[in-house]
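A.B. asks: Quick one, what's the 3D model for this:
(2 chains)
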Amino acid sequence: MATAPSTQRTASGTDYELVVGLEVHVELRTRSKMFCSCSADWFGKPPNSQVCPVCMALPGSLPAINRQAIEYAIMVGLALHADVENLPNGKPTRFDRKNYTYPDLPKGYQITQMDLPVNLGGWLEIALPDGGTKRVGVTRAHQEEDTAKLIHRVDEMGVAHSLVDFNRAGVPLLEIVSEPDMRSSEEAGAYLRTLRGILLYLGVTDARMEEGSFRCDANCSIRPVGSSEFGRKVEVKNMNSFRSVERALRYEFERQREALARGEVIPQETRGWDEDRGVTVSQRSKEYAHDYRYFPEPDLPPLFLAPDWIEAIKQRLPELPAAKKARYARDYGLADEPARLIADDPSLADFFESALFTGYGDAKQVAAWMLGDLTRLLKAHNTELGSSLVTPSKLVDLLKLIDGGQISGKIAKDVLDEMFVSGKSPEDVVREKGLLQISDEGDLERACAAAIAANLQSVEDYRAGKERALQFLVGQVMRETRGRANPGKVNDILKKQLGG
Amino acid sequence: MALTRAEMDHLALLARIGLTDEEKDRMASQLGDILQHMERLNQLSTEHIPPTAQVIEATNVLREDEVRSGLTREQVLSNAPRAEDPFIRVLPILE
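C.D. replies: Below you'll find the predicted structure:
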């Protein structure tokens, strides 16, 4: 196992490395909330339209555990190699109260799990930039509930106030805590992408960072390379994309390194990432007197995770990225990189497997077009693969046109562009735009003769031994035929016409 | 042993309760009495008694994942000290 430490020398000559642990919160995609029967599908719904006495914490209401949420949590535990099976070992999983006062928390406490979480321990494997892999430990994954949503406003009298929407309060949240095993911002990014892929395969969350169903806080510190002790932990919050997590960690590494170089002590604190300014800012807040006074939730009886329940869930687990990647390499001969890129992203894997399900045999070609031109188009049009007008079978039809010699690979790129925008089949695009490759030998010979007649200087150059002149003539023919000629054939015909 | 003023300030902040000096003094002594009683209980040997978190013996009480309708917005907002339809309005929270 290789590592890619992010180290840099300071003026004093010390090499430092970054140490990162990540806390990820994901909203589980259950139908109802964690402890009541309100809809958990809160995003974009009219404010305060999905609430009840339980999630509003009205007196006398009692919570009840959502079975599906626990199943999802167990699925995540199994996929992350947690010790979930060991919990029945005499001890149940249990819920606890975390007490703090904040307007987004109607009960005055959050129901969460402290010392007996659903999942303890585990790991996942990330790919490193140098091609190696690394195992990142997972400390725990515990079940809790989301808070309400706050909106900050100033009214017409100039009075600052906050507005509360409780639709999100009580939505099942799974907190996945990693070990401080990452040593660079790139490793942190790889961990997040890998974890998100696994969660998407499991189908337990839609993991949309921009909608808040996948959130990440980072604990980071720096230390001299070779030291086994940790520096003081700085918690960074408010990062809204994988890219901002990586940027924030790079920033923190530099900031802490410079502070140490100046002989300063790095205080243990919480800092917020400012995306626009590209800096982290200390969040010194008296409001946060961290004194949570955890105690067992008396309203929820303990939960024994029966081994046969866990076994039944295990049987239903889908194929996960690591197994998929291995299968793509074994069955389709894909190289490491494309196999991993496709396997890590469920929407890519679905597309890839659907394309091959048509019976088309050239998997490498499918992968190359997906990761190349199709990805380019998705990025350029800011579209997700799931809503792309180019379906797997249409891409396969396009590749068949190339294989059959009807169009060149170069023309195929233009055809794909048009398919992407219009949703037309490749055959229609080729017919409507007149892009069929010229296969008639006579037509090609006429086009070559015309190119020779119009470029006598190049003919002379070629005869004088300049090979590049021939390429120029091929280019001229391709231009005249708007790319519909087969360059190989043109090359042969030109040579023949120029007398070998 | 009465609680110190600093402890009272901390507790009041955690509970978001505004207390006058006179109230803090009174509660400091009352809470001190309660803690003193806890200290007495702490003297009992509980070595062989498992901690009690729940008083009923039920385990594994689970609810099926089904959606039911809850309160109307009118009902929700009528319970709030201050509303700004469709939201509940609170004092400014700035992080």
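
A.B. asks: In contact with residue A:476, which residues?
C.D. replies: A:451, A:454-455 (Cβ atoms under 8 Å, 6 or more residues apart in numbering or on different chains). C-beta here means a position set from N, CA and C on the backbone, and glycine is covered the same way.

A.B. asks: Neighbours of residue A:92, how many?
C.D. replies: Using other Cβ atoms under 10 Å in any protein chain shown, residue A:92 has 14 neighbouring residues.

A.B. asks: sorry, back to before: restricted to helices, list the contacts of residue A:476.
C.D. replies: In helices, defined here by DSSP state H, the members of these are A:451, A:454.

A.B. asks: In CSV, list the C-alpha atoms belonging to stretch A:130-139.
C.D. replies: Provided in CSV are the C-alpha atoms of stretch A:130-139 (Å, rounded to 0.1, in the frame of the first residue of the first chain):
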residue,chain,number,x,y,z
ASP,A,130,0.0,7.3,-7.9
GLY,A,131,-2.2,4.3,-8.8
GLY,A,132,-2.0,2.6,-5.4
THR,A,133,-4.7,2.1,-2.8
LYS,A,134,-5.1,2.9,0.8
ARG,A,135,-7.5,1.7,3.5
VAL,A,136,-9.2,4.4,5.6
GLY,A,137,-10.6,3.4,8.9
VAL,A,138,-14.2,4.1,9.8
THR,A,139,-14.7,4.7,13.5
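
A.B. asks: Could I get the buried residue list for it?
C.D. replies: Neighbour-count burial for stretch A:130-139, counted by 16 or more other Cβ atoms under 10 Å in any protein chain shown, picks out A:134, A:136-139.

A.B. asks: From the chain's centre, how far out is it? Work that out for me.
C.D. replies: 16 Å (Cα atoms, centre = their mean, to the nearest Å).

A.B. asks: which residues touch it?
C.D. replies: Stretch A:130-139 is contacted from outside by A:1-4, A:80-82, A:119-128, A:176-179, A:181-182, A:187, A:191, A:336, using Cβ under 8 Å, 6+ apart.

A.B. asks: would residue A:26 count as being in a strand?
C.D. replies: Yes: under DSSP: H, G, I helix; E, B strand; the rest coil, residue A:26 falls within a strand.

A.B. asks: okay, residue A:456: pLDDT?
C.D. replies: Looking at residue A:456, its pLDDT is 89.

A.B. asks: Burial check on it, number of neighbours?
C.D. replies: By the criterion of other Cβ under 10 Å, residue A:456 has 9 neighbours.

A.B. asks: Likewise for residue A:278?
C.D. replies: Per other Cβ under 10 Å, the neighbour tally for residue A:278 reads 12.

A.B. asks: now do residue B:20
C.D. replies: 8.

A.B. asks: cool, and residue A:457?
C.D. replies: Residues near residue A:457, counting by other Cβ under 10 Å: 9.

A.B. asks: Please apply the same query to residue A:183.
C.D. replies: Based on other Cβ under 10 Å, the number of other residues close to residue A:183 is 20.

A.B. asks: next SSE after the helix or strand where residue A:254 lies?
C.D. replies: If you go by DSSP states H and E, residue A:254 is part of helix A:242-261. Going down the chain from helix A:242-261, the next helix or strand is strand A:269-274, by DSSP H and E.

A.B. asks: Keeping just the C-alphas, turn the helix or strand just after that next one into CSV.
C.D. replies: Helices and strands here follow DSSP H and E; after strand A:269-274, the next one along the chain is strand A:279-282. The C-alpha trace of strand A:279-282 is given here as CSV (Å, rounded to 0.1, in the frame of the first residue of the first chain):
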residue,chain,number,x,y,z
VAL,A,279,-10.2,31.1,3.4
THR,A,280,-11.4,29.6,6.7
VAL,A,281,-12.6,31.9,9.4
SER,A,282,-12.6,31.2,13.1
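
A.B. asks: elements contacting the helix or strand that comes right after strand A:279-282?
C.D. replies: The helix or strand immediately downstream of strand A:279-282 is strand A:295-296, counting by DSSP H and E. Here strand A:295-296 touches strand A:96-99, going by 3 or more Cβ pairs under 8 Å, 6 or more residues apart in numbering or on different chains; DSSP states H and E.

A.B. asks: Let me know the average pLDDT across the next helix-or-strand element following the strand it packs on.
C.D. replies: The helix or strand immediately downstream of strand A:96-99 is strand A:109-112, counting by DSSP H and E. Across strand A:109-112, pLDDT averages out at 97.

A.B. asks: any residues touching strand A:109-112, and which ones?
C.D. replies: Residues contacting strand A:109-112 (Cβ under 8 Å, 6+ apart): A:34-35, A:63, A:95-100, A:142-145, A:147, A:175, A:297, A:300.
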